[in-house]
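Compute the structure for the input listed below.
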Amino acid sequence: MLDVLIIGAGPCGLYAADRLSQEGFHVTVVDRMPSPARKFLMAGRGGLNLTHGEDLDRFLGRYRQAEVFLAPMIRDFPPAALRTWCHGLGEDTFVGSSGRVFPKSMKASPLLRSWLRQLGENGVTLLLRHRLAGFDTDGTPLLQAENRAPRRVEARAVLLALGGASWPKLGSDAAWVPLLESKGIAVNRFQPANCGFLIDWSPYLRDRFAGSPLKRIALSFAGRTVPGEAVISEKGLEGGAVYALSAEIRDAIDQQGSADLRLDLRPGLSAGEIEDRLARPRGKQSNATFLKKALKLAPVEQALLREAGPLPSGPADLAKRIKALPLTCSAPYGIERAISSAGGIRLEEVETSLMLKKLPGVFAAGEMLAWEAPTGGYLLQACFATAHRAAAGIADYLKTGTGRQSQ
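Predicted structure coming up:
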């Protein structure tokens, strides 16, 4: 019998394996993909934003409703601890100008190679192309290799680290949901998080400007204003400023059927300053030429202004539109392309150790649990922190003699 069976070879599963193997436990990590940590590697293409360097109290507030649940775990394994762990693998980190923390290599692959090498040295077994097929009547996991029948794999403790539902081609397909629901475990439905939103653009805007960036803008919704950037796509709007508001926008669409954002095309100027510039004599200049010279409005920005109807003739009304252009979002993009997901195992289903109350000896961590986080390093930090808590819970569970073999 194994000491620990970990199902899922993403950052949660691999971190827990690292910690538990260093304590002397025999650990096997299973994953349905042909190689480990595929989504982690994809995230690393953009620089691998590990965590954030801001004040911890402010950091914790980023988790919204899940702050109470996650705060004790992140305080136990804060951003500084995650950076120290990375340094121990030979990957130095740095804090960027935005406060985001990255490995100096700006890649995930060097960190993963060092990580896997350490796991191998600690005796961790990695078993690929195997998926969780269910649980036997006594809670023992059933694993299934390709073209094989499911088989029981007994372990004194089990950690489920199967991820959420975004980017299913990389491994997180949420196929585990009905398996846990069949055991009476409540799971909130998965929804896209940190995603773009559908907007019914005119054919002109869609055909002419899809793929165009919007830089140095600000988006407002539900009392929050987020400066940043966005990108127009054929079907809507995406990008960092959108992702920062995605939870509120998604919830409003769920409740009301749509969400009305306000886009500020010139957040660095007040409405009065814009009005003054627009009141200057324009002579024989066309509207397009005048707006380009007066406010440096690019063609895509001018096209956006016309999405709300003919341009107002008065400087005051036009200034108002530039500062608060209405955009109506009808739905989020599909979850298959969302950066992350919202939903998962309801938090009341787990002990403080992250053991499932209805499956003794089975723990869960990471995006399987019903919390969400914005981009900026918060997602990975919480994944590592929950893995840290689950690993500690498993170690205590085994050391106190309450492992599954004694039941």
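
Helices of the stretch 251-400 of the chain, start to end?
Using DSSP state H, counting those that start in this stretch, the helices of the stretch 251-400 of the chain run over residues 271-278, 287-295, 299-307, 315-323, 378-399.

in the fourth one, what counts as buried?
By that I understand helix 315-323. For helix 315-323, a neighbour-count test (16 or more other CB atoms under 10 Å) marks Pro315, Leu318, Ala319, Arg321, Ile322, Lys323 as buried. C-beta here means a position set from N, CA and C on the backbone, and glycine is covered the same way.

between it and helix 271-278, how big is the angle?
If you take axes from the mean of the first three to the mean of the last three CA atoms, to 10 degrees, helix 315-323 sits at 120 degrees to helix 271-278.

and the direction of helix 315-323 versus that of helix 299-307, what angle?
Going by the same axes, to 10 degrees, helix 315-323 makes 110 degrees with helix 299-307.

Who are the packing partners of helix 315-323?
helix 271-278, helix 299-307 (3 or more CB pairs under 8 Å, 6 or more residues apart in numbering; DSSP states H and E).

picking up where we left off before, I'd like the buried residues of helix 315-323 as JSON lines, with distance to Gly361 appended.
Putting those into JSON lines (distance: CB to CB, whole Å) gives the following:
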{"residue": "Pro315", "distance to Gly361": "70"}
{"residue": "Leu318", "distance to Gly361": "66"}
{"residue": "Ala319", "distance to Gly361": "64"}
{"residue": "Arg321", "distance to Gly361": "60"}
{"residue": "Ile322", "distance to Gly361": "60"}
{"residue": "Lys323", "distance to Gly361": "58"}
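
now, which of the residues you listed sits nearest Gly334?
Nearest to Gly334 among those, counting by CB to CB, is Arg321 at 31.1 Å.

For that closest one, which residues are in contact?
Leu305, Ala308, Leu311, Pro312 (CB atoms under 8 Å, 6 or more residues apart in numbering).

Next one: the third one relative to Gly139, how far apart?
Spatial separation of Leu311 from Gly139 under the definition CB to CB, to the nearest Å is 66 Å.

Which of these two has more residues huddled nearby?
Gly139 (16 against 13; other CB atoms under 10 Å).

unless I'm mixing things up, Gly95 is touching Val101, no?
You called it Gly, but residue 95 is Val. Yes - between Val95 and Val101 there is a contact at 5.5 Å, judged by CB atoms under 8 Å.

So those two - more neighbours on which side?
Val101 (25 against 15).

who's that one bridged to?
Thr51, Val95 (DSSP bridges).

Contact partners for it?
Asn49, Leu50, Thr51, His52, Gly53, Pro79, Arg83, Thr93, Phe94, Val95, Gly377.

where's the first one, which helix or strand?
Taking DSSP states H and E as the criterion, Asn49 maps to no regular element, lying outside all helices and strands.

And the strands in the stretch 151-300 of the chain, which stretches?
151-152, 155-160, 187-193, 197-198, 213-221, 224-232, 236-238, 259-264 (DSSP state E, counting those that start in this stretch).

would you list those strands in a markdown table and tack on distance to Glu181?
Formatted as a markdown table, these follow (distance: least, CB to CB, whole Å):
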| stretch | distance to Glu181 |
| --- | --- |
| strand 151-152 | 21 |
| strand 155-160 | 13 |
| strand 187-193 | 6 |
| strand 197-198 | 29 |
| strand 213-221 | 33 |
| strand 224-232 | 34 |
| strand 236-238 | 32 |
| strand 259-264 | 30 |
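
of all those, which lies closest to Val29?
Val29 lies closest to strand 155-160 among the strands of the stretch 151-300 of the chain, at 9.1 Å (CB to CB).

buried stuff in the closest one?
Neighbour-count burial for strand 155-160 [16+ other CB under 10 Å]: Ala155, Arg156, Ala157, Val158, Leu159, Leu160.

which other helices and strands contact it?
strand 2-7, strand 362-364, helix 378-399.

Save the ones you listed as CSV, and put in distance to Leu219 and mean neighbour count too.
As requested, the helices and strands packed on strand 155-160 are exported to CSV (distance: least, CB to CB, whole Å; neighbours: other CB atoms under 10 Å):
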stretch, distance to Leu219, mean neighbour count
strand 2-7, 39, 25
strand 362-364, 34, 27
helix 378-399, 19, 24
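
among the ones you listed, which is nearest Arg45?
Of those, nearest to Arg45 by CB to CB is helix 378-399, at 14.2 Å.
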